[in-house]
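# Model the structure of this input:
(one chain, ligands or ions: 2)
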Amino acid sequence: MKTIDALLAEGVNGKRVFVRADLNVPLADGTITDDGRIRAVLPTVKALAEAGAKVVVASHLGRPKGAPDPAFSLLPAAERLGELLGAPVAFAQDTVGPAAHDAVDGLEPGQVAVIENLRFNAGETSKDDAERAEFAERLAALADVYVGDGFGAVHRKHASVYDLPAKLPHYAGYLIATEVGVLKKLTDDVKRPYAVVLGGAKVSDKLGVIDHLLEKADRILIGGGMAYTFLKAQGHEVGISLLQEDQIPAVKEYMERAEAKGVEFVLPVDVLVSPDFPDLKTKAPANPTTVAADAIPADQEGLDIGPETRKLYASKLADAATVFWNGPMGVFEHPDYAEGTKAVAQALLDTSAFTVVGGGDSAAAVRTLGFDENAFGHISTGGGASLEYLEGKTLPGLAALEN
Ligand SMILES: Nc1ncnc2c1ncn2[C@@H]1O[C@H](COP(=O)(O)OP(=O)(O)O)[C@@H](O)[C@H]1O
Ligand SMILES: O=C(OP(=O)(O)O)[C@H](O)COP(=O)(O)O
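Numbering: from 1, shown residues only. Ligands and ions are numbered 1, 2, ... in the order given. Reported below is the predicted structural model:
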């Protein structure tokens, strides 16, 4: 994989360089609540700008449905990028249309433009190779060189991640190089006991990784929205909690295999429930109830792990030598459901283990809940991406940079 250092050595002065970043930052009411993913791509953007490139930054944000949707505009991220760079950043209100071309044509060497959310175009995420290729062709018209630095999205076979690099000279940015360097340590020679904590809300995306973890990890702790599919598979009712019904047979099989292999599966013993999802805007008190994990009322939803589970999980992490954690333990964005995530973060800090926290929201949680990000071994900008990397899967966005 050629890195940006090779590109800088070749010279980029006056060249249009397309940087595929992951600026998929958490927003509340249009305001960025954690800018970690923007800061993570700064070294690449700065180095290119300082070398005189015309830098075109592109990213997705959220999951719009292949058409423009103001709720998912990248404008707030572009503005924050400008603040962090200390220089104005042009923003194009479309992705491959006249506004994008005007913005790029207007760049002087050393200047930066951000184009609108890539997922406003159906071609970006299409499963149809020709449709993706066509969109990639239109993106290619905006640049002379491609730099892949959106680590959080390298597991997606999307036009800007997979198809575009094949059309331009391509290089890996600093973030991708760093992420791969650290995660490699967890695939080569992992120190044991190796504990993995999984939570979050992208349950269908992430359940599959357990298949692989059963071969690797000594202990798997399940929390967040993922826990309820496990509890249901154990025969408990989960009320209106997040549930991946079609995965129940697979989850049962995981639990059986874990037992046979001596891998410890740790599930919540108590949870915080409420009939209502909390108001993340007003943060009005949610008044949750603590119930045993096998006694979730039919009309209620599990929104965090409970106090006994917090203690249990801390004890299961205390003697670990390696911990990988992806996915918050609850709806940490609301203070009434943040204690589970806080307890796991604290448990990681209390061990002498090598700790890796992965995922946009997990990383944001650690920072917004007041933990020092430098106290963890590594904070990865990718959740799904780091999990799939650890699985040993070929990641489309990395393969494209290697070819
Ligand atoms: N029990 C739960 N029910 C619903 N959502 C949850 C629950 N626990 C955690 N979440 C949500 O999961 C989201 C993060 O999930 P995910 O995107 O999978 O993590 P990451 O970005 O770290 O990979 C957070 O917004 C959080 O509110
Ligand atoms: O937030 C992301 O992934 P993550 O939640 O697994 O860290 C990435 O930006 C990828 O987004 P996607 O899962 O909508 O493709």
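# For the helix or strand of the chain with the lowest mean pLDDT, enumerate the helices and strands it packs against.
Using mean pLDDT, DSSP states H and E, the weakest-scoring helix or strand in the chain turns out to be helix 203-206, at a mean of 88. Applying 3 or more C-beta pairs under 8 Å, 6 or more residues apart in numbering; DSSP states H and E, we find helix 203-206 packed against helix 384-390. In this view, the C-beta of every residue, glycine as well, is placed from N, C-alpha and C.
# which outside residues touch the helix or strand where Leu186 lies?
Using DSSP states H and E, the element containing Leu186 is helix 174-188. Residues from elsewhere that reach helix 174-188 (C-beta atoms under 8 Å, 6 or more residues apart in numbering): 1, 3-4, 40-41, 43-44, 47, 148-151, 154, 172, 322, 324, 354, 356, 377-378, 380-382, 385-386, 389-390, 392, 398, 401.
# returning to what we had before: just the buried positions in whatever helix or strand comes next after the least confident helix or strand of the chain, please.
Of the helices and strands lying after helix 203-206 in sequence (DSSP H and E), the nearest is helix 209-216. For helix 209-216, a neighbour-count test (16 or more other C-beta atoms under 10 Å) marks Val209, Ile210, Leu213, Leu214, Lys216 as buried.
# I'd assumed Gly262 was in contact with the fourth one.
The reference is to Leu214. No: counting by C-beta atoms under 8 Å, Leu214 sits too far from Gly262 to count as a contact (10.3 Å).
# one step back: check the offset of the least confident helix or strand of the chain from the chain's centre.
Helix 203-206 sits 12 Å away from the centroid of its parent chain (C-alpha atoms, centre = their mean, to the nearest Å).
# Next: stretch 222-235.
Offset of stretch 222-235 from its chain centre (C-alpha atoms, centre = their mean): 21 Å.
# residues from the stretch 151-300 of the chain in reach of ligand 2?
Residues of the stretch 151-300 of the chain lying close to ligand 2 by C-beta under 6 Å from any ligand atom are Gly152, Ala153, Arg156, Lys202.
# just checking: which of those residues also lie near ligand 1?
Restricting these to those within reach of ligand 1 (C-beta under 6 Å from any ligand atom) leaves Lys202.
# and the residues of the stretch 151-300 of the chain next to ligand 2 as JSON lines, adding neighbour count and secondary structure?
As requested, these are exported to JSON lines (neighbours: other C-beta atoms under 10 Å; DSSP: H, G, I helix; E, B strand; the rest coil):
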{"residue": "Gly152", "neighbour count": "28", "secondary structure": "helix"}
{"residue": "Ala153", "neighbour count": "25", "secondary structure": "helix"}
{"residue": "Arg156", "neighbour count": "21", "secondary structure": "coil"}
{"residue": "Lys202", "neighbour count": "17", "secondary structure": "coil"}
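# Among the residues of the stretch 151-300 of the chain next to ligand 2, which one lies nearest to Leu107?
Ala153 (23.9 Å; C-beta to C-beta).
# tell me the helices in the stretch 51-200 of the chain, going along the chain?
Taking DSSP state H, counting those that start in this stretch, the helices of the stretch 51-200 of the chain run over residues 75-85, 98-105, 122-125, 129-140, 174-188.
# List the buried residues for the last one?
Going by neighbour count (16+ other C-beta under 10 Å), the buried part of helix 174-188 is Tyr174, Leu175, Ile176, Ala177, Thr178, Glu179, Val180, Leu183, Leu186.
# Mind pulling up the pLDDT for the fourth one?
Read that as Ala177. On the pLDDT scale, Ala177 is placed at 96.
# how about stretch 305-322: buried residues?
Of all the residues in stretch 305-322, those buried under the rule 16+ other C-beta under 10 Å are Ile305, Gly306, Thr309, Arg310, Leu312, Tyr313, Ala314, Lys316, Leu317, Ala320, Thr322.
# swap in stretch 100-107?
Ala100, Ala103, Val104, Leu107.
# Next, count neighbours for Arg39.
Neighbour count of Arg39, defined by other C-beta atoms under 10 Å: 14.
# go on, Gly330?
When neighbours are counted by other C-beta under 10 Å, Gly330 registers 29.
# now do Met226
Neighbours of Met226 (other C-beta under 10 Å): 26.
# Distance to ligand 2 and pLDDT for the buried residues of stretch 100-107 - can I get that in CSV?
Shown next, in CSV, are those (distance: C-beta to the nearest ligand atom, whole Å; pLDDT from 0 to 100):
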residue, distance to ligand 2, pLDDT
Ala100, 21, 98
Ala103, 23, 98
Val104, 24, 98
Leu107, 26, 98
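# coming back round to it: so of the contacts of helix 174-188, which ones are in strands?
If you go by DSSP state E, these have Gly148, Ala172, Thr322, Phe324, Phe354, Val356, His378, Ser380 in strands.
# Just the buried residues of those.
Using 16+ other C-beta under 10 Å as the burial test, the ones in strands among the contacts of helix 174-188 include Gly148, Ala172, Thr322, Phe324, Phe354, Val356, His378, Ser380 as buried.
# What are the neighbouring residues in contact with the fifth one?
Looking back up the chat, that one is Phe354. Lys185, Lys191, Ala321, Thr322, Val323, Gly377.
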